[in-house]
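Colleague: I'd like to go over a predicted model; first the sequence, then the structure.
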Amino acid sequence: MNSNEPAKSNFPAGVVETQVPARLDRLPWSTWHWMIVIALGVTWILDGLEVTLASAMGATLKNPAALGLTDAQVGGTATAYLAGAVLGALFFGYLTDRLGRKRLFFITLGLYLVATALSGVAWNYWSFLVFRALTGAGIGGEYAAINSAIDELIPARLRGQVDLAINATYWIGAAMGSVLTLYLLDPKIVPIWLGWRLVFGMGAMLGFVILFFRLWVPESPRWLMVHGRLDEAEKIVSGVEETVLAHSGKLPDPGSEIARIRMRHHTPWREIWRTVAHVHRRRSVLGFVLMASQAFFYNAIFFTYGLVLAKFYAVPAERVSYYLLPLALGNALGPILIGRLFDVVGRKPMITFTYIASGLLLALSGWLFEKQMLTAQTQALLWSVIFFIASAAASSAYLTVSEIFPLEIRGMAIAIFYAIGTLIGGVAAPVIFGYLIGTGSRSSLCAGYLTGAALMIGAGLVEACIGVKAERQSLESIASPLSAQDPDSA
């Protein structure tokens, strides 16, 4: 079948053959792929910015000149953000599979933009809580749409390292948030009552700029081919091939791999449940464990880091961002520098290693913290090393759940495991750690760190047992589409 030949139609009604997946996977890396990385990677910049702002502003928001929140209320606003992300992921995740990846790009980003701007004009604890929940809903919806699009547009041989690198941009956002708050939260430069509001205003402005980047990204041809819009899918792929050909001079042969698809417009809830809970039960357990453990690990630390610095190291609120910056840089460099190994060495060995190593290092840092053997500076340095590895582990969790389930429910699967993992591992963590910090007991906080370490080590062992070998394989070979037709069935 010629790479530009239209899909065959001499099959039962609604059944077609296409090489769209193979044509996308064989493409050499090009400027077009860089465009996709830039346009989609900015999502994690937003999330990283939000989490860093929440962590850095924890102490500032307690000031009567700001909102005068208590430690528990600071933790509560973090929980509201994560709870909103859970609900947003589920709601928008379903719409991502039903309405398409691109349409949801704009809806979820628009919600984030408005809610972030409103966070900056909150007048009390409850208004701030609501606006943070809405902000989280926008970001949660982004996860499903963006991860689906990344996997479906990036060539199979590079999917792991590209996915991890894009997820690493979360920490570029975190670094930006750290720098931003250095100035806007410094009362010597900007009054306290105004500074924290300007921080959220800057976040909203960034979201507005990103809206224009999204215009570059096409709808996923894989999604289009399943939803009866094969002509559009073929047109997009042909356009991408022309763009890549203009720069590379020659395209590899797509081979003989042909997808036979029975087109559908939506997937019933009953089929979603059967696929997740029964057909791919082991994969569901794997996705849940990886997502929940990394969510607890990260949210427990980052949403309350500012409180730890203030409580145990007497770091002034306006200096917190100085300690967040090295952590953000360590997190950003990890997936970028070791991400290639997830495609070369393989998913199972690398995911197992990064999870277990992260857990062991966190346990060590918790013990040193309890024994008062760390200063604010050495703890930041040690945690930057830990998160160099843990960042790759966390990114691999999103990579895993986005590539081991069928195309028709990919967005929903990402949403389900992001939501469950965040609900169990993330929503509770800031509240729990906020309480532990409030006690002023190093031993109690150390116990919390050890719990996070145990979860990461356990997840690494689960990956070693039931992980999926997905490196350098097409999405369709990892998980056959629900609409795939057996050659003999036609």
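Modeller: Yes, it's here. Computed from a predicted model, the values in this text were never measured in an experiment.

Colleague: who's in contact with the nearest residue to residue 198 once chain neighbours are set aside?
Modeller: By the measure of CB to CB, 6 or more residues apart in numbering, the closest residue to residue 198 outside its immediate chain neighbours is residue 184, 5.1 Å from it. Where you see a C-beta, it was placed from the backbone N, CA and C, and this is true even at glycine. With contact set as CB atoms under 8 Å, 6 or more residues apart in numbering, residue 184 has these partners: 190, 195-196, 198-199, 202.

Colleague: in the stretch 1-150 of the chain, which spans are strands?
Modeller: Counting by DSSP state E, counting those that start in this stretch, the stretch 1-150 of the chain has strands at residues 15-18.

Colleague: circling back to that earlier point, the contacts of residue 184 in helices, which ones?
Modeller: Counting by DSSP state H, the part of these found in helices is 195-196, 198-199, 202.

Colleague: quick one, helices of the stretch 1-150 of the chain?
Modeller: In the stretch 1-150 of the chain, the helices defined using DSSP state H, counting those that start in this stretch lie at 20-25, 31-56, 58-61, 71-99, 101-119, 125-153.

Colleague: and what of the stretch 151-300 of the chain?
Modeller: All helices of the stretch 151-300 of the chain, identified by DSSP H, counting those that start in this stretch, fall at 159-184, 192-213, 221-226, 230-248, 269-274, 281-302.

Colleague: just the pLDDT for the residue nearest the centre of the chain.
Modeller: The centre of the chain sits closest to residue 143, judged by CA atoms, centre = their mean, with a distance of 5.4 Å. Residue 143 carries a pLDDT value of 79.

Colleague: so it is in contact with residue 96, correct?
Modeller: No. Between residue 143 and residue 96 there is no contact under CB atoms under 8 Å: 9.6 Å.

Colleague: can I get the helix or strand hosting residue 308 as PDB, trimmed to CA atoms?
Modeller: Assigned by DSSP states H and E, residue 308 belongs to helix 305-313. Only the C-alpha atoms of helix 305-313 are listed here, as PDB (Å, rounded to 0.1, in the frame of the first residue of the first chain):
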ATOM      1  CA  TYR A 305       8.300  22.800  51.400                       C
ATOM      2  CA  GLY A 306       7.900  26.400  52.200                       C
ATOM      3  CA  LEU A 307       6.300  25.500  55.600                       C
ATOM      4  CA  VAL A 308       9.200  23.200  56.400                       C
ATOM      5  CA  LEU A 309      11.800  25.900  55.700                       C
ATOM      6  CA  ALA A 310       9.900  28.400  57.800                       C
ATOM      7  CA  LYS A 311       9.200  26.000  60.700                       C
ATOM      8  CA  PHE A 312      12.400  24.100  61.100                       C
ATOM      9  CA  TYR A 313      15.000  26.300  59.500                       C
END
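
Colleague: and that helix, how far out from the chain's middle?
Modeller: Relative to its parent chain, helix 305-313 has a centroid offset of 26 Å by CA atoms, centre = their mean, to the nearest Å.

Colleague: give me the neighbour count for the closest residue in space to residue 294 that isn't next to it in sequence.
Modeller: In space, and not counting its chain neighbours, residue 294 is closest to residue 394: 4.1 Å by CB to CB, 6+ apart. By other CB atoms under 10 Å, 29 other residues sit near residue 394.

Colleague: before we move on, what SS does residue 394 have?
Modeller: helix (DSSP: H, G, I helix; E, B strand; the rest coil).

Colleague: that one: what's it in contact with?
Modeller: Residues in contact with residue 394 (CB under 8 Å, 6+ apart) are 167, 294, 297-298.

Colleague: okay, those residues in JSON lines with distance to residue 86, neighbour count and pLDDT next?
Modeller: Shown next, in JSON lines, are those (distance: CB to CB, whole Å; neighbours: other CB atoms under 10 Å; pLDDT from 0 to 100):
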{"residue": "167", "distance to residue 86": "19", "neighbour count": "30", "pLDDT": "81"}
{"residue": "294", "distance to residue 86": "15", "neighbour count": "29", "pLDDT": "91"}
{"residue": "297", "distance to residue 86": "17", "neighbour count": "29", "pLDDT": "85"}
{"residue": "298", "distance to residue 86": "15", "neighbour count": "22", "pLDDT": "81"}
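
Colleague: tell me the two of those that are most distant?
Modeller: Greatest spacing in the contacts of residue 394, by CB to CB: 167 and 297 (14.9 Å).

Colleague: got any ranges where the stretch 301-450 of the chain has weak pLDDT?
Modeller: Within the stretch 301-450 of the chain, the segments meeting pLDDT under 70 span 303, 317-318, 425-427.

Colleague: what about the helices in it?
Modeller: Under DSSP H, counting those that start in this stretch, the stretch 301-450 of the chain gives helices at 305-313, 320-338, 341-344, 347-370, 376-403, 410-421, 428-439, 442-466.

Colleague: among the ones in helices among the contacts of residue 184, which one sits closest to residue 456?
Modeller: When the ones in helices among the contacts of residue 184 are compared for distance to residue 456 (CB to CB), residue 199 wins out at 30.9 Å.

Colleague: next, count neighbours for the closest residue to the residue nearest to the centre of the chain other than its chain neighbours.
Modeller: Using CB to CB, 6+ apart and skipping residues adjacent in sequence, the residue nearest residue 143 is residue 418, 5.3 Å away. Using other CB under 10 Å, residue 418 has 28 neighbouring residues.

Colleague: that older thread, turn the helices of the stretch 1-150 of the chain into JSON lines, columns for distance to residue 471.
Modeller: Compiled in JSON lines, the helices of the stretch 1-150 of the chain are given as follows (distance: least, CB to CB, whole Å):
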{"stretch": "helix 20-25", "distance to residue 471": "13"}
{"stretch": "helix 31-56", "distance to residue 471": "18"}
{"stretch": "helix 58-61", "distance to residue 471": "39"}
{"stretch": "helix 71-99", "distance to residue 471": "25"}
{"stretch": "helix 101-119", "distance to residue 471": "23"}
{"stretch": "helix 125-153", "distance to residue 471": "13"}
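
Colleague: so which of the helices of the stretch 301-450 of the chain gets nearest residue 139?
Modeller: Relative to residue 139, the nearest member of those by CB to CB is helix 410-421, separated by 10.3 Å.
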